[in-house]
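> A predicted structure for the sequence below; I have some questions about it.
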Amino acid sequence: MTVTSDKTLLVPLSPAARIIPSELRDFHDGLATLPGTTFRIGLLIPMCGSAGIWAPSCISSAQVAVAQLNESNGICGRPVELIMIDSALEASTPVEEVINSLIQIRAIDAIVGMHISAVRQNLSKIVKQRVPYIYTPLYEGGENTKGIFAIGDTPEQQLGPALEYLQSAHRIKNWAFIGNDYVWPRASNSYAKKKLQDLGVNIEYEKYLPFGLNDMSDIVEELRQTDAQAVLISLVGQDAITFNRAFGSTQMHERMIRLSCAIEENALLASGAENLHELYSASSYFGSLNTDANALFRERYYGFHGETAPVLNALGQSTYEGVQFLAGLMESHEQDWKTKDSTCLNSIEFSSVRRATSGDGSAPKAPIYLAKADGVVFKIVKKL
């Protein structure tokens, strides 16, 4: 275990340090604080595999939230600490085992999770309202389990308006879908398929891939053989990067545009500017977003970490809001959070970079933006 100066606890997950309940008791006893004096958040992020590229931004953003809370009253009057846990499917120790053990020995008081939906679905059977569980990234929608709070964008909010705009702007006749083979790409593409069919558009190609393919040149060649003028990408992390590199190397942007709701600024940097022509993304947050709230967040973020901090992006920023939402939830519902679910999102007051009021007294909401890759940054095209 490593304890850092910013109240972050790193839980080792290597085969040589497999965590089992007895070891976790030793870990808990060694924190040098009495039980209940700190509020410990299990921060679940992928630290390896296809989604591992997201980890630095996610950790850094959550640390800013913890520092901000600890400057005031923490959570429930207790200083906040993070316990980082690898939630990647490729992790050597199943995250379900780790979380169950941590909850059993009361080593964590809550979970903030930025990971794929397949992990959330597995964990929902483990957590069972024993601690609050904040799920932060974009996802397929429909999470209504008591004690789980999904705060990210859904296809109806994010993908639908983007498809409508691109259809209007480009008059696309045929779309292609490419994604990883798990719940979010399949559910999101199911929504997109219905949306596009309602708009009179044909789905020319649809394919789902296992995680970790090192070469996607054959996939790009399959796309080349279709009549598609646009491709919706639902690939995760490194897989999206591999696809972009193969796509760009064959100049496929000359014949079709790309849209993704999960490609963020880390993936742009790793893909390379030469492979990003005609790439669009839809999200409620981009690092380049020109709002007062984001200007303040950027100032806090770089002030805390320095100018060489991991790049700001939607998935990273979501952990900041996840920690802040947790604080707001416990402020309002410390005694009855078990009876709440994702339907209460708009009633919780918390420090948010994305949410904005409309000025008419309605509940805060997160506007959706369409952005286009401009080199290795996203340039906002339109507020949808």
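Alright, I've got the coordinates.
> C-alpha only now, for contacts and for neighbours.
OK.
> tell me the strands in the stretch 151-300 of the chain, going along the chain?
174-180, 202-209, 230-234, 257-260, 279-283 (DSSP state E, counting those that start in this stretch).
> Now find how far off-centre the last one is within its chain.
Just to be clear, that refers to strand 279-283. Chain-centre distance of strand 279-283: 15 Å, with Cα atoms, centre = their mean, to the nearest Å.
> elements contacting it?
helix 155-170, strand 257-260, strand 369-374 (3 or more Cα pairs under 8 Å, 6 or more residues apart in numbering; DSSP states H and E).
> picking that back up, and of the strands of the stretch 151-300 of the chain, who's closest to Lys372?
Closest to Lys372 of these, according to Cα to Cα: strand 279-283, at 4.4 Å.
> Now tell me what touches that closest one from outside.
Outside strand 279-283, the residues that touch it by Cα atoms under 8 Å, 6 or more residues apart in numbering are 153, 158-159, 162, 257-264, 314, 368-373.
> Quick check: neighbours of it in the sheet, parallel or antiparallel?
The strands beside strand 279-283 in its sheet (DSSP bridges) come out as strand 257-260 (parallel), strand 369-374 (antiparallel).
> residues contacting His253?
His253 neighbours (Cα under 8 Å, 6+ apart): 247, 277-278.
> one step back: can you redo the strands of the stretch 151-300 of the chain as TSV with mean neighbour count and mean pLDDT?
Below are the strands of the stretch 151-300 of the chain laid out as TSV (neighbours: other Cα atoms under 10 Å; pLDDT from 0 to 100):
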stretch	mean neighbour count	mean pLDDT
strand 174-180	22	96
strand 202-209	16	95
strand 230-234	24	97
strand 257-260	22	97
strand 279-283	27	97
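> how about these, which one is nearest Ile105?
When these are compared (using Cα to Cα), the closest one is strand 174-180, at 35.4 Å.
> Send me the closest one as PDB with only the CA atoms.
Taking Å, rounded to 0.1, in the frame of the first residue of the first chain, the C-alpha atoms of strand 174-180 are listed here in PDB:
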ATOM      1  CA  ASN A 174     -25.600   4.800 -45.100                       C
ATOM      2  CA  TRP A 175     -24.000   4.400 -41.600                       C
ATOM      3  CA  ALA A 176     -21.600   1.800 -40.200                       C
ATOM      4  CA  PHE A 177     -21.300   0.700 -36.600                       C
ATOM      5  CA  ILE A 178     -18.100  -0.600 -34.900                       C
ATOM      6  CA  GLY A 179     -17.800  -1.300 -31.200                       C
ATOM      7  CA  ASN A 180     -16.500  -3.500 -28.500                       C
END
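> Sheet-wise, list the partners of it with their directions.
Strand pairing (DSSP bridges) places strand 174-180 next to strand 202-209 (parallel), strand 230-234 (parallel).
> Mind putting those into CSV with distance to Arg106?
What follows is these, written out as CSV (distance: least, Cα to Cα, whole Å):
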stretch, distance to Arg106
strand 202-209, 38
strand 230-234, 37
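> The nearest residue to Gly74 once chain neighbours are set aside: neighbour count?
In this structure, Gly74 finds its nearest non-sequential neighbour in Val80, 5.7 Å apart by Cα to Cα, 6 or more residues apart in numbering. A count of nearby residues for Val80, using other Cα atoms under 10 Å, gives 27.
> residues contacting Val80?
7, 38-41, 66, 69-70, 74.
> rerun that using 7 Å as the cut-off
38-40, 66, 70, 74 (Cα atoms under 7 Å, 6 or more residues apart in numbering).
> Now intersect those residues with the strands, please.
39-40 (DSSP state E).
> Which phi and psi values does the residue nearest the centre of the chain adopt?
Note on the chain: the residue nearest the mean C-alpha position is Pro137, at 3.0 Å, using Cα atoms, centre = their mean. Dihedral angles of Pro137 (phi, psi; degrees, to the nearest 10) stand at phi -80, psi 170.
> cool, and the one 4 residues further on?
Phi and psi for Gly141, reported as degrees, to the nearest 10, are phi 90, psi 170.
> What of Tyr133?
phi -130, psi 110.
> Distance of it relative to Leu44?
10 Å (Cα to Cα, to the nearest Å).
> With Leu329 instead?
Distance from Leu329 to Leu44, by Cα to Cα: 19 Å.
> Please apply the same query to Thr154.
20 Å.
> so what's Phe211 up against?
50, 180, 239.
> show me the biggest helix of the chain in terms of residues.
helix 314-333 (DSSP state H).
> For the strand or helix carrying Gly42, what does the pLDDT average out to?
In this assignment (DSSP states H and E), Gly42 forms part of strand 39-45. The pLDDT scores in strand 39-45 average 96.
> could I have that strand exported to PDB, CA atoms only?
What follows is strand 39-45, C-alpha atoms only, in PDB (Å, rounded to 0.1, in the frame of the first residue of the first chain):
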ATOM      1  CA  PHE A  39     -14.600   9.100   4.800                       C
ATOM      2  CA  ARG A  40     -13.000   6.600   2.500                       C
ATOM      3  CA  ILE A  41     -14.000   6.500  -1.200                       C
ATOM      4  CA  GLY A  42     -13.200   3.500  -3.300                       C
ATOM      5  CA  LEU A  43     -12.300   5.000  -6.600                       C
ATOM      6  CA  LEU A  44     -12.800   2.300  -9.300                       C
ATOM      7  CA  ILE A  45     -10.900   3.100 -12.500                       C
END
